[in-house]
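**Student:** Based on what follows, work out the 3D shape:
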Amino acid sequence: PSLELNDKIESLNIFTHIAEINVSKNNFDTASVYFQKAFAQIEPGSSEVEILNAPDPKFLQMKKVYYITNLMIAKGDAYRKRYTSTGNKQFLNEALHVYRRTDQFLDLLRREQTDSESKLFWRKDIRRLYEHAIDACFGAQDESSAFYFFEKSRAASDSRPCTGKSD
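**Tutor:** As a prediction, this is how the structure comes out:
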């Protein structure tokens, strides 16, 4: 990958961490700005929706694509925490929207990625995603979505990466 692409993906990771720090301090508006700056490293003005609809998703082949999954999960978590802080159900619905898009992105990664190291990194994200999504579903009293994420979680934990070694 080019130096410019490497700089962008590292910047994406830094902006994500800055956003997470702001979320931890309940500075949600500032966090939102940094989440957007992180997404802009992929494509100016992008979001989790644009990532899924990208005609040429060259970022799927990057070694550190897990930075993108972390960004998406962190954004969903920010909405979930904002709901906890305010009680406004719209934030919980936004969290579920982001979690669903992240789930779709992880499905895309599973199809596209062959690198075992990358698979191990996003596998960690899968567990975090589904635990947080299920929690948000219960908060939203959305049993069907909770069941969906629970089943996806079970399927993900049942499939282990092939290492070529016997266990």
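**Student:** For the rest of this, base every contact and every neighbour count on C-alpha atoms.
**Tutor:** Will do.
**Student:** the bottom helix or strand of the chain by mean pLDDT?
**Tutor:** helix 116-140 (a mean of 79; mean pLDDT, DSSP states H and E).
**Student:** following it, which helix or strand comes up?
**Tutor:** Of the helices and strands lying after helix 116-140 in sequence (DSSP states H and E), the nearest is helix 143-158.
**Student:** Quick check: buried residues in that following helix?
**Tutor:** Residues of helix 143-158 classed as buried: 145-146, 149-150, 152-153 (neighbour count, 16 or more other C-alpha atoms under 10 Å).
**Student:** How far does it sit from its chain's centre?
**Tutor:** Remark: helix 143-158 is offset 16 Å from the chain centroid, using C-alpha atoms, centre = their mean, to the nearest Å.
**Student:** and the gap between Thr16 and Ala31?
**Tutor:** Per C-alpha to C-alpha, to the nearest Å, Thr16 is found 9 Å from Ala31.
**Student:** Same drill for these two, tell me which one is more crowded.
**Tutor:** Thr16 (27 against 24; other C-alpha atoms under 10 Å).
**Student:** So for the helix or strand containing that one, mean pLDDT?
**Tutor:** In the assignment (DSSP H and E), Thr16 maps to helix 3-24. Per-residue pLDDT over helix 3-24 has a mean of 91.
**Student:** Check stretch 48-67 too.
**Tutor:** The model assigns stretch 48-67 a mean pLDDT of 74.
**Student:** Could you do stretch 98-106 as well?
**Tutor:** Per-residue scores along stretch 98-106 average to 91.
**Student:** Show me which positions of it end up buried.
**Tutor:** So, applying 16+ other C-alpha under 10 Å, buried residues of stretch 98-106: 98-103, 105-106.
**Student:** where's Asp77 relative to Asn6, distance?
**Tutor:** 26 Å.
**Student:** ok, these two, which is more surrounded?
**Tutor:** Asp77 (24 against 14).
**Student:** does that one belong to a helix or a strand, and which?
**Tutor:** When elements are assigned from DSSP H and E, Asp77 belongs to helix 66-86.
**Student:** Could you pull up phi and psi at Gln41?
**Tutor:** Backbone torsions for Gln41, taken as degrees, to the nearest 10, come to phi -70, psi -30.
**Student:** To clarify, my last question referred to Thr102.
**Tutor:** Taking degrees, to the nearest 10, you get phi -70, psi -40 for the backbone angles of Thr102.
**Student:** residues touching the closest residue to it other than its chain neighbours, list them.
**Tutor:** Spatial nearest neighbour of Thr102, excluding adjacent residues (C-alpha to C-alpha, 6 or more residues apart in numbering): Met72 at 6.1 Å. Met72 sits next to 48, 98-99, 102 when contact means C-alpha atoms under 8 Å, 6 or more residues apart in numbering.
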